[in-house]
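Peer 1: make a model of this:
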Amino acid sequence: MRRTLVALLALAPVLLAAAPASAAGPVATASGAGWEPAPPTPPSDYAAGERCDFPVHGEPVVDEVVQRVLETHPDGSPKRVAYKGDLVVRVTNTDTGAAYDADASGTAVVDYRTDGSQFWSVLGPVLANFRENGGDLPRGLYILDGLYTLDIDATGYKDLTMLHGTHDNICDRIG
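Peer 2: Numbers count the residues shown, from 1 in each chain. This next block holds a predicted model:
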């Protein structure tokens, strides 16, 4: 309980600065002055055995994510970026056609490190994929929901610290 409280107090200023789009009012569009459209979420494909036991395709059906650069590295590249907005990704079992619309509309602040690693502080749902031996969750495509951090090293290994929340493997829903 104390760890959760300490984490909530530490993350609150960062996450409140990136409140959900519905609570933030109009989006500012001036470069650097406010929220700007984030790069579009690309479609993704995984062969059988990479994330699920069957081949899967992910395609955004709603992508209204915006970003705000909070801090830059000395070379001007983003160091800390806040993301928010609606994102729904349709994940399809391409063998059977079974599909699930995954709500990944969480709010996140991502620290981009110079070695290529990332540290995510998240409130709400995000879609995350885990390869075999690629993190502290088994291989799969997950909706992570709640209050948590995700530390991704330069090799892509994901260390999830779930302070309060759930993880739902979409492979189980469409398998």
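Peer 1: beta partners for residue 152?
Peer 2: Counting by DSSP bridges, residue 152 is bridged to residue 118, residue 158.
Peer 1: pretty sure residue 168 sits against residue 142.
Peer 2: Yes. The pair formed by residue 168 and residue 142 meets the contact definition of Cβ atoms under 8 Å, at 6.3 Å. Bear in mind the C-beta positions are built from the backbone N, C-alpha and C, glycine included.
Peer 1: export whichever strand or helix holds residue 144 as CSV, just CAs?
Peer 2: According to DSSP states H and E, residue 144 maps onto strand 140-152. As requested, C-alpha coordinates have been extracted for strand 140-152 and formatted as CSV (Å, rounded to 0.1, in the frame of the first residue of the first chain):
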residue,chain,number,x,y,z
GLY,A,140,1.2,-12.2,-26.0
LEU,A,141,-0.7,-9.0,-26.9
TYR,A,142,-1.9,-7.3,-23.8
ILE,A,143,-4.2,-4.5,-22.8
LEU,A,144,-2.5,-3.1,-19.7
ASP,A,145,-4.9,-1.0,-17.7
GLY,A,146,-4.5,0.9,-14.4
LEU,A,147,-1.6,2.8,-12.9
TYR,A,148,1.8,1.3,-13.9
THR,A,149,5.2,1.8,-15.3
LEU,A,150,6.8,0.0,-18.2
ASP,A,151,10.6,0.1,-18.5
ILE,A,152,11.8,-1.0,-22.0
